[in-house]
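**Student:** Pasting a predicted model and its sequence here:
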Amino acid sequence: MHNVRKITEDIFYVGASDRRLALFENVYPIERGVSYNSYIVLDEKTVLLDTVDHSVSREFLENVEAALSGRALDYLIVNHMEPDHCSVIAELVLRYPDVKIVGNAKTIQMIKQFYTFDVDSHAVLVKDGETLATGRHSFTFVFAPMVHWPEVMVAFDSQSGILFSADAFGTFGALAGNLYADEVEFEKEWLDDARRYYINIVGKYGVQVTNTLKKAAGLPIKMICPLHGPIWRKDISWFIDKYSTWAGYVPEERGLLIIYSSIYGDTAWAMDKLASLAADRGVRNIHMYDASKTDVSVLVSECFRYSTIVIASPTYNAEIFPKIEMLVSELKAHAFQNRDVVVIENGTWALSAGKKLTEAFYGMKDIRLISPTLSIKSSLKEEQLGAMTEIADKLAASVKG
Ligand SMILES: Cc1cc2nc3c(=O)[nH]c(=O)nc-3n(C[C@H](O)[C@H](O)[C@H](O)COP(=O)(O)O)c2cc1C
Ligand SMILES: [Fe+2]
Ligand SMILES: [Fe+2]
């Protein structure tokens, strides 16, 4: 039983979705599942663009067989050699022994690292900007090194105007029948996952993404076919704009984000007070998270989203509270930059979370630490309201921009 989907007269979707997997890359919760997209082009030569994760390999192989309807597979283009897209390569080689595997030198090297079959006898090496003609279609390869692996490239088909974009423009979230972003409520139901996917998987490589967007800007793109999530054929520039914002480390929204941890509740209480003071000053786009409850991938993504951020932590064994420490180290790992940040600490005998948080943010680029910071000794006191109000004033000014 195949589930092949027609995209154009001779281009078909042969991927599949997984809703069982709890953690993508064994680290990111994916409540809405994930799709592994793969595309087949039936030209004078038959071409498959990337394969899928082993979890959906059975459906994928049925799809490929059905789409080929008796023809052999001539080319497999490997745009990305990460196992969520390449775990079926050896099986394809067994089924289609004459298949040529198209990749760059790094791709071919990686295939040899993951597999033991005779890769060289199948390999077709391409260079940046080179083209593979398969009949009506011709695929131009644009290298996208470190978006987010070194071998990544994208393939532009001049006949259809489709950019096969690898992980770029992908998102968490399984597909449910509708293949296209314009057939779903993307902004309402998908954008948060798209942002979380981009920031956590690719976010560190903003410079490389920006370079690739510049390289691709000259292409007459009619459709974007990514390796995860829906296909783009309308409002493409809206999504590309999101990408340039994220890749440029520019806040997507003016807004106030308050993230805290709290063991006994006093830090939480103080942050509620701060949020109220900010609201009294006209701040509207306010979002609060308890870092112990919300997954760090969501927190990192929200930090990239908003202009103005408050991080509050109790001191814990002379350190930052572990959940906040994890967040800060993840922010650093994702090259977080260009934000207004307020740091607030709590502690009962020797407060050091504030100093350590400040040091951590000093290690990141263009983080403007707003003073004063606030040190709460066990619980917020009336005499600290003045300092709290000053912070709220500065937060309001920051959100206004
Ligand atoms: C395991 C543990 C370790 C702690 N270590 C410190 C510490 O090193 N220095 C300090 O001043 N307070 C320390 N505290 C106390 C808390 O930081 C303090 O009580 C704080 O007010 C808790 O804020 P909360 O009400 O938001 O949880 C520790 C508390 C716990 C449970
Ligand atoms: Fe990837
Ligand atoms: Fe991927």
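**Tutor:** Perfect, thanks for sending it. Numbers count the residues shown, from 1 in each chain. Ligands and ions are numbered 1, 2, ... in the order given.
**Student:** Okay, helices next: where are they in the stretch 151-300 of the chain?
**Tutor:** Per DSSP state H, counting those that start in this stretch, the stretch 151-300 of the chain carries helices over the ranges 191-197, 206-216, 236-247, 266-280, 296-305.
**Student:** and those helices as TSV, adding mean pLDDT, distance to A335 and mean neighbour count?
**Tutor:** Where you see a C-beta, it was placed from the backbone N, CA and C, and this is true even at glycine. Compiled in TSV, these are given as follows (pLDDT from 0 to 100; distance: least, C-beta to C-beta, whole Å; neighbours: other C-beta atoms under 10 Å):
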stretch	mean pLDDT	distance to A335	mean neighbour count
helix 191-197	98	16	22
helix 206-216	94	6	18
helix 236-247	97	10	17
helix 266-280	98	26	18
helix 296-305	98	10	22
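**Student:** among the ones you listed, which is nearest ligand 1?
**Tutor:** Checking the helices of the stretch 151-300 of the chain against ligand 1 by C-beta to the nearest ligand atom gives helix 266-280 as the closest, at 3.1 Å.
**Student:** and M110, helix, strand or coil?
**Tutor:** helix (DSSP: H, G, I helix; E, B strand; the rest coil).
**Student:** I'd assumed H80 was in contact with it.
**Tutor:** No - counting by C-beta atoms under 8 Å, no contact exists between M110 and H80, whose distance comes to 9.7 Å.
**Student:** Those two: who's more crowded?
**Tutor:** Applying other C-beta atoms under 10 Å to M110 and H80 shows that H80 carries more neighbours, namely 25 against 21.
**Student:** Let me know the distance separating the nearest residue to the more buried one once chain neighbours are set aside from S276.
**Tutor:** Spatially, and ignoring its direct neighbours in sequence, H80 is nearest to A166 (4.4 Å; C-beta to C-beta, 6 or more residues apart in numbering). Summarising the geometry, the distance separating A166 from S276, computed by C-beta to C-beta, to the nearest Å, is 45 Å.
**Student:** just to revisit the earlier point, so the residue nearest to H80 sits against P226, correct?
**Tutor:** Yes - using C-beta under 8 Å, A166 and P226 qualify as a contacting pair, with a distance of 7.2 Å.
**Student:** Which one's more surrounded, those two?
**Tutor:** With other C-beta under 10 Å as the criterion, A166 and P226 differ in neighbour count, and A166 comes out ahead with 28 against 23.
**Student:** that older thread, what is in contact with M110 and H80 at once?
**Tutor:** Common contacts of M110 and H80 (C-beta atoms under 8 Å, 6 or more residues apart in numbering): E151.
**Student:** OK, contacts around the residue nearest to H80?
**Tutor:** Taking C-beta under 8 Å, 6+ apart as the definition of contact, the neighbours of A166 are D50, N79, H80, H85, A144, V147, V152, M153, V154, P226, L227.
**Student:** one more time with 10 Å
**Tutor:** 49-50, 78-80, 82, 85, 144, 147-149, 151-155, 212, 225-228 (C-beta atoms under 10 Å, 6 or more residues apart in numbering).
**Student:** which ones among those are found in strands?
**Tutor:** L49, M153, V154, A155, C225 (DSSP state E).
**Student:** Can you add pLDDT, distance to ligand 2 and neighbour count and give these back as CSV?
**Tutor:** Conversion of those to CSV gives the following (pLDDT from 0 to 100; distance: C-beta to the ion, whole Å; neighbours: other C-beta atoms under 10 Å):
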residue, pLDDT, distance to ligand 2, neighbour count
L49, 98, 14, 26
M153, 98, 12, 27
V154, 98, 13, 27
A155, 98, 15, 25
C225, 98, 15, 28
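**Student:** and the gap between the residue in the stretch 251-400 of the chain positioned nearest to ligand 3 and F304?
**Tutor:** For the stretch 251-400 of the chain, the residue positioned closest to ligand 3 under C-beta to the ion is S297, at a distance of 15.0 Å. Distance of S297 to F304, given as C-beta to C-beta: 11 Å.
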